[in-house]
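Visitor: Please find the sequence and the predicted model below.
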Amino acid sequence: MNEFSLFSDKTPQQLHLPNADIIYYPNFIASAEATQLYEMLQKETPWQQDDIKVFGKVYAQPRLTALYGTNQKSYSYSSIEMIPHPLTSTLVELKKIVDETCNADFTTLLLNYYRNGKDSNGWHADNEKELGKNPIIASLSFGHERYFHLKHRTDKSLKNKLLLQHGSLLLMKGETQHHWLHQIPKTAKQIQGRINITFRIIP
Ligand SMILES: O=C(O)CCC(=O)C(=O)O
Ligand SMILES: [Fe+2]
């Protein structure tokens with residue numbers, strides 16, 4: 001037992017999508033603990049807003065981020081290079097339960113803070129070279145639920161969406177990043193914030 005296991009339900013749901021290996025754990029962290037974690041992460045994280053370059057134009061990224069690592073390896077994407085902070089004790093505890101469930105030893109935690117419905121994350125795959133060939137990526141969600149869209153790169157008839165609930169864990173592995181893109185679209189609804197932690201391995 002650990003401090004986040006109270007009343008949580010770690011039953012996995014496999015998504016049945018071709019060329020993908022995606023597992024969803026809807027209530028991975030019990031709601032009350034997840035709420036405490038949201039508040040702590042929101043307050044204690046040194047959030048930054050980087051500029052991204054898309055087709056030569058510079059935009060402020062539509063969300064706040066922070067990078068943590070068990071090693072010094074930086075993470076680069078969309079012309080941004082992020083240098084990791086050392087893990088906080090909260091993140092060490094979360095890494096323990098996520099590592100155990102995913103049978104992995106994650107090194108790099110990217111935190112995303114979507115302040116409201118206007119914040120978003122555009123279509124992409126997590127296929128940066130430093131993550132290796134078939135990267136394993138785990139993603140914890142806290143706060144207001146948001147849709148996670150998936151689309152197949154070549155078969156345009158294949159798409160899916162899934163609501164990422166407060167306290168949930170989403171795990172993507174195998175060939176998923178080769179064949180599928182994902183995004184968190186904006187929403188016109190008046191909603192509260194959401195914090196997401198993605199766990200990656202940069203050896
Ligand atoms: O916010 C999410 O659930 C997804 C985040 C994501 O795709 C990423 O950081 O690469
Ligand atoms: Fe991603």
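Guide: Received the coordinates, thanks. Ligands and ions are numbered 1, 2, ... in the order given.

Visitor: isn't Asn121 right up against Arg194?
Guide: No. Between Asn121 and Arg194 there is no contact under CB atoms under 8 Å: 10.6 Å. Where you see a C-beta, it was placed from the backbone N, CA and C, and this is true even at glycine.

Visitor: Pull the number of nearby residues for Ile97.
Guide: Neighbour count of Ile97, defined by other CB atoms under 10 Å: 19.

Visitor: What's the separation between it and Phe106?
Guide: 11 Å (CB to CB, to the nearest Å).

Visitor: joint contacts of Asn121 and Arg194?
Guide: Tyr114 (CB atoms under 8 Å, 6 or more residues apart in numbering).

Visitor: out of these two, which sits in the more crowded spot?
Guide: More crowded of Asn121 and Arg194, by other CB under 10 Å: Arg194, with 23 against 20.

Visitor: what's the closest non-adjacent residue to that one?
Guide: Gly143 (4.1 Å; CB to CB, 6 or more residues apart in numbering).

Visitor: residue contacts, the one you found?
Guide: Gly143 neighbours (CB under 8 Å, 6+ apart): 38, 42, 166, 192-195.

Visitor: In CSV, list those residues along with pLDDT, secondary structure and distance to Lys53.
Guide: Listed next are the contacts of Gly143 as CSV, based on pLDDT from 0 to 100; DSSP: H, G, I helix; E, B strand; the rest coil; distance: CB to CB, whole Å:
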residue, pLDDT, secondary structure, distance to Lys53
Tyr38, 98, helix, 31
Gln42, 98, helix, 28
His166, 98, coil, 33
Gln192, 97, coil, 30
Gly193, 98, coil, 26
Arg194, 98, strand, 25
Ile195, 99, strand, 25
